[in-house]
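# Predicted model and sequence follow; I will ask about them next.
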Amino acid sequence: MWPAGSSTSSPSGATSDAGTDAVRRSRVISGVRIAVCGLLLAVIFHIIFCNEVQLTSAPGEWQSLSPWKQRQRAWTEGPRALWETAQQVRPVQLGISFGACGLVILIGGLRWRQVLRAQGLDLPLVAVVRISLVAQFFNAFLLGTAGGDVVKAWYAARSVPEKKPEAALTVFADRLLGMVALLLFSAAMLVPNLSLVFRFQRHAAVALILIAMLAVSGSLILLGFYSDLLQHDGWIPRMVRRLPKGESFSRALVACRQFGHQPGFMTRMALWSLLVNVCVVVAFVALAAGLGIHPPDIDWAGLHLPGQVTLWYVIPAVVCVAALPVTPAGLGVREHLFVWLLAIPALGVKPGAALSLSLLGYTVNLLWSVIGGFVYLVTPDRAAIAAAGSAG
């Protein structure tokens, strides 16, 4: 009887041990996930505090400090400096900017959902908003403002396992369409500001960069959405299929043409993108008003336009150029461009005010990254996301 009893208890014990190991692994994974998220959130606050201390430091003082002294000042003076900077802007203006940034994420998610539907995919709205917030969180750390799109594409692909290439494609197609819309918006706002282009080389240089970006991105849309280059039997998909694991990439390329054949798709994208662009500009214009940035009025084509029209050109132009993967989240590039384009005698904007506009706008955006980080902490695991996507 003892041998029999011993043999029957072994499977039960093994099952119990396996269950215990699974629980332990789950706890370890959750702990690592929380630790990584907490570390990234700490980096976010560190960047914010460093920005604020630099604003209150004498010229060259911050650069003369050792890295350890910079960290020490950031965490001792940064919270107070952040509060003092925020107090320069009225609560209503801060609220408008914060709300506009939130609308950018929400409307951007709704636009992406339209792109998903063009590929026959229908993620639930809650999942789309959640993924967009998580992507906003990772945008603060990866190169360029498109960094979080990698995370977004990964989540989308896991949500629809049977259409991974098409799901991943929607993220980059949405980014491309949004960039073209923002470039067109900036170009349209540039028209009443042509005097700046003709008078200042820096504005002319930025205008040329915008035109070059528009030409490249617009060509990609025309060739990918409307030409026959990416049809299934085209030479490009055939060549791609010969590569290792090229079948998935080929499917994504072929799926591009579906966007161009969807009735009304580009019109819907233009409308959604217009709303996003307006929210982006409003977020910064509200802060600019609080910081006392008031460019002079413009006389153009017999019309007397308010000075904010200049901001409606500069802000999207800076966002477009900062989207290039030069520095993490465009940090440094964005600040330089704001000062470079606004701090000129013709506009009467002080360099400190232009820098404050950039850093304060970035801080408001980072606050949404913090919210995205907390959303990431409570986001269901990959299997739950995939199940939610399939159910939608």
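Yep, it's here.
# buried residues in stretch 157-174?
Within stretch 157-174, the residues scored as buried using 16 or more other Cβ atoms under 10 Å are 157-160, 163-174. C-beta coordinates here come from the backbone N, C-alpha and C atoms, glycine included.
# among these, which two are most distant?
Using Cβ to Cβ, the two most remote members of the buried residues of stretch 157-174 are Arg158 and Ala173, lying 18.2 Å apart.
# Take the buried residues of stretch 157-174 and keep only those in helices.
Among the buried residues of stretch 157-174, the ones falling in helices (DSSP state H) are 157-159, 164-174.
# Turn those into a markdown table, columns for pLDDT and distance to Ala135.
Below are these laid out as a markdown table (pLDDT from 0 to 100; distance: Cβ to Cβ, whole Å):
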| residue | pLDDT | distance to Ala135 |
| --- | --- | --- |
| Ala157 | 80 | 13 |
| Arg158 | 79 | 14 |
| Ser159 | 76 | 13 |
| Lys164 | 83 | 17 |
| Pro165 | 86 | 19 |
| Glu166 | 86 | 18 |
| Ala167 | 85 | 14 |
| Ala168 | 86 | 13 |
| Leu169 | 88 | 16 |
| Thr170 | 91 | 13 |
| Val171 | 90 | 9 |
| Phe172 | 89 | 12 |
| Ala173 | 92 | 15 |
| Asp174 | 93 | 11 |
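# okay, these in TSV with distance to Phe259 next?
Converted to TSV, those look like this (distance: Cβ to Cβ, whole Å):
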residue	distance to Phe259
Ala157	18
Arg158	22
Ser159	20
Lys164	18
Pro165	14
Glu166	11
Ala167	14
Ala168	14
Leu169	9
Thr170	9
Val171	13
Phe172	12
Ala173	6
Asp174	10
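# which one of the residues you listed sits closest to Met266?
Ala173 (11.5 Å).
# Run a quick check on that closest one versus Phe259, I expect a contact.
Yes: using Cβ atoms under 8 Å, Ala173 makes contact with Phe259 at a distance of 6.3 Å.
# For this structure, just list every one of the strands.
Applying DSSP state E to the chain gives strands spanning 298-300, 303-305.
# Mind exporting the C-alpha coordinates of stretch 336-344 to CSV?
Extracted C-alpha coordinates of stretch 336-344, given in CSV (Å, rounded to 0.1, in the frame of the first residue of the first chain):
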residue,chain,number,x,y,z
HIS,A,336,16.5,75.1,-30.1
LEU,A,337,13.9,75.6,-32.8
PHE,A,338,11.4,77.5,-30.6
VAL,A,339,14.2,79.9,-29.5
TRP,A,340,15.6,80.1,-33.0
LEU,A,341,12.3,80.9,-34.7
LEU,A,342,10.6,83.1,-32.1
ALA,A,343,13.4,85.0,-30.4
ILE,A,344,14.0,87.5,-33.2
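# Could you pull out the buried residues of that stretch?
Leu337, Phe338, Val339, Trp340, Leu341, Leu342, Ala343, Ile344.
# quick one: contacts for the fourth one?
Looking back up the chat, that one is Trp340. By Cβ atoms under 8 Å, 6 or more residues apart in numbering, the residues touching Trp340 are Arg202.
# how near is it to Gln54?
Counting by Cβ to Cβ, to the nearest Å, the separation of Trp340 from Gln54 is 17 Å.
# re the thing from before, pick the one among the buried residues of stretch 157-174 closest to Val128.
Ranked by distance to Val128 (Cβ to Cβ), those are led by Ser159 at 9.6 Å.
# Would you confirm that the closest one contacts Ala168?
No: look at Ser159 against Ala168 with Cβ under 8 Å: they stay out of range, at 10.6 Å.
# quick one on the thing from earlier: which neighbours do Ala173 and Phe259 share?
Contacts common to Ala173 and Phe259, judged by Cβ under 8 Å, 6+ apart, are Val115.
# Near Val216, how many other residues are there?
The tally of other residues near Val216 (other Cβ atoms under 10 Å) stands at 12.
# where does the stretch 101-250 of the chain have low pLDDT?
Low-confidence segments of the stretch 101-250 of the chain (pLDDT under 70): 141-147.
# Run through the residues that contact Ser369.
Ile44, Gln136, Phe137, Asn139, Ala140.
# coming back round to it: in helices only, show me the buried residues of stretch 336-344.
Per DSSP H, the buried residues of stretch 336-344 map to helices at Leu337, Phe338, Val339, Trp340, Leu341, Leu342.
# Turn these into a markdown table, columns for pLDDT and distance to Ile209.
Formatted as a markdown table, those follow (pLDDT from 0 to 100; distance: Cβ to Cβ, whole Å):
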| residue | pLDDT | distance to Ile209 |
| --- | --- | --- |
| Leu337 | 87 | 10 |
| Phe338 | 89 | 15 |
| Val339 | 84 | 17 |
| Trp340 | 88 | 12 |
| Leu341 | 92 | 12 |
| Leu342 | 92 | 17 |
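# and which of those is nearest to Pro67?
Using Cβ to Cβ, the shortest approach to Pro67 within these belongs to Val339, at 24.4 Å.
# That closest one reaches Leu357, doesn't it?
No: when contacts are counted by Cβ under 8 Å, Val339 is not listed as touching Leu357 (9.2 Å).
# hmm, back to that, wait, which of the ones in helices among the buried residues of stretch 336-344 is closest to Leu287?
Phe338 (11.1 Å).
# Tell me how far that closest one lies from Pro161.
Per Cβ to Cβ, Phe338 is found 43 Å from Pro161.
# go on, Ser186?
In this view, Ser186 and Pro161 are 38 Å apart by Cβ to Cβ.
# Met269 - how many residues pack around it?
If we define neighbours as other Cβ under 10 Å, then Met269 has 22 of them.
# How confident was the prediction at it?
With respect to pLDDT, Met269 has a value of 94.
# shouldn't it be in contact with Gln114?
Yes: here Met269 reaches Gln114: they are 6.9 Å apart, a contact under Cβ under 8 Å.
# For Gln231, which non-adjacent residue is spatially closest?
In space, and not counting its chain neighbours, Gln231 is closest to Arg257: 6.4 Å by Cβ to Cβ, 6 or more residues apart in numbering.
# gap between that neighbour and Thr170?
14 Å.
# Cheers, nothing more for now.
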